[in-house]
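Q: Model the structure of this input:
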Amino acid sequence: MSTRIAFLKGHGTENDFVIVPDPENAVGLSPSAVAALCDRRAGIGGDGLLHVVRSAAHPEAQDMASDAEWFMDYRNGDGSIAEMCGNGVRVFARYLQHAGLVTEGDLAIATRGGVKRVHLAKDGDVTVGMGRAGLPEGDVTVTVGERSWPARNVNMGNPHAVAFVDDLAHAGNLLTPPPVSPAAAYPDGVNVEFVVDRGPRHVALRVHERGSGETRSCGTGACAVAVAAARRDGADPAVTGTPVTYTVDVPGGRLLITERPDGEIEMTGPAVIVATGEIDREWLETAFR
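A: Numbers count the residues shown, from 1 in each chain. Sure, this is the predicted structure:
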């Protein structure tokens, strides 16, 4: 057995990932192993890990294999499993292109949030069909220190609480999850976005990602923010029949989010592969004993 495991490093608007190609699902990646790899001091470092597996080889994706050859087995930086990661899908698609497994144009990627449609453009941007937003009913409140804000509950395959604030500094350090109430609204935890306006249909955010802390970008979070901002602004494409697009600035760059009349949300932004290498299997096995 080889003593080394191939990996790559990539990012989408500075939301960065360790990428582990494993077509036949042969590499055992326990939560502690993932956390060790994502550790920025003792490991490779990343907000999360993209485990690249053929859908037919993974028990959670076999029923999607006829629609999407590849499954994004996504893990948060702490090793926990997440349903979806919008920036991760773009980087995952870029890896497939980098490896010669797909070419420019359209492809499908299986995720725990369903099959996602992706377009690799000639200019380098990647567009992902992120599905429809769910807008659960009920009031939600986000608190930081002595400040509290009403938040919009948005589900993009994973849960979000979107709070509009006057200053992004009000979000605090975001090292720990901001308290959200009622707790019953998010039994499995939540991603929390703090949002300010920059101009007409132009917003900026900071985000605490569940299981990762503050990250430089969050694709599903940008989509949740665009939907929350549209509804706040009185825009609903399902009612008007007209698509609505928001520019969403994240700490690591800029994303364009479009909500279409059929409810489908598209996210467009960059995705970059920055390095390749090998993980020493002995280190990996020692790291999570």
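Q: rest of the way, CA atoms for contacts and neighbours
A: Fine.
Q: domains in the protein, as residue ranges please.
A: The record, using automatic domain parsing to delimit domains, assigns the chain the ranges 4-130+271-287, 140-263.
Q: In which helix or strand does V274 reside?
A: Element membership for V274 (DSSP states H and E) is strand 272-280.
Q: Not counting the helix or strand just after that strand itself, show me its contacts.
A: The C-terminal neighbour of strand 272-280 among helices and strands, as given by DSSP H and E, is helix 281-287. Outside helix 281-287, the residues within contact range by Cα atoms under 8 Å, 6 or more residues apart in numbering are T3, R4, I5, S32, A33, A36, L37.
Q: Narrow these to those in strands?
A: When these are checked against strands (DSSP state E), the matches are R4, I5.
Q: buried stuff in stretch 228-236?
A: Neighbour-count burial for stretch 228-236 flags A228, A229, A230, A235, D236 (criterion: 16 or more other Cα atoms under 10 Å).
Q: List the contacts of the last one.
A: Spelled out, it's D236. A230, V244, P261.
Q: try 7 Å
A: D236 is in contact with A230, counting by Cα atoms under 7 Å, 6 or more residues apart in numbering.
Q: Can you verify C223 is assigned to a helix?
A: Yes. Assessed with DSSP: H, G, I helix; E, B strand; the rest coil, C223 lies in a helix.
Q: where along the stretch 1-150 of the chain do the strands fall?
A: Ranges of strands in the stretch 1-150 of the chain, per DSSP state E, counting those that start in this stretch, are 4-12, 15-21, 48-54, 70-76, 105-111, 114-120, 126-129, 140-144, 147-155.
Q: partners of the helix or strand just after the last one, with directions?
A: The reference is to strand 147-155. Using DSSP H and E, the helix or strand that follows strand 147-155 towards the C-terminus is strand 159-164. If you go by DSSP bridges, strand 159-164 pairs up with strand 147-155 (antiparallel), strand 191-199 (parallel).
Q: Among the ones you listed, single out whichever gets nearest to E137.
A: strand 147-155 (7.5 Å; Cα to Cα).
Q: Next, the buried residues of the closest one.
A: The neighbour-count criterion (16+ other Cα under 10 Å) identifies W149, P150, A151, R152, N153, V154, N155 as the buried residues of strand 147-155.
Q: between those, which is nearest E278?
A: Out of those, the member with the shortest distance to E278 (by Cα to Cα) is N155, at 36.2 Å.
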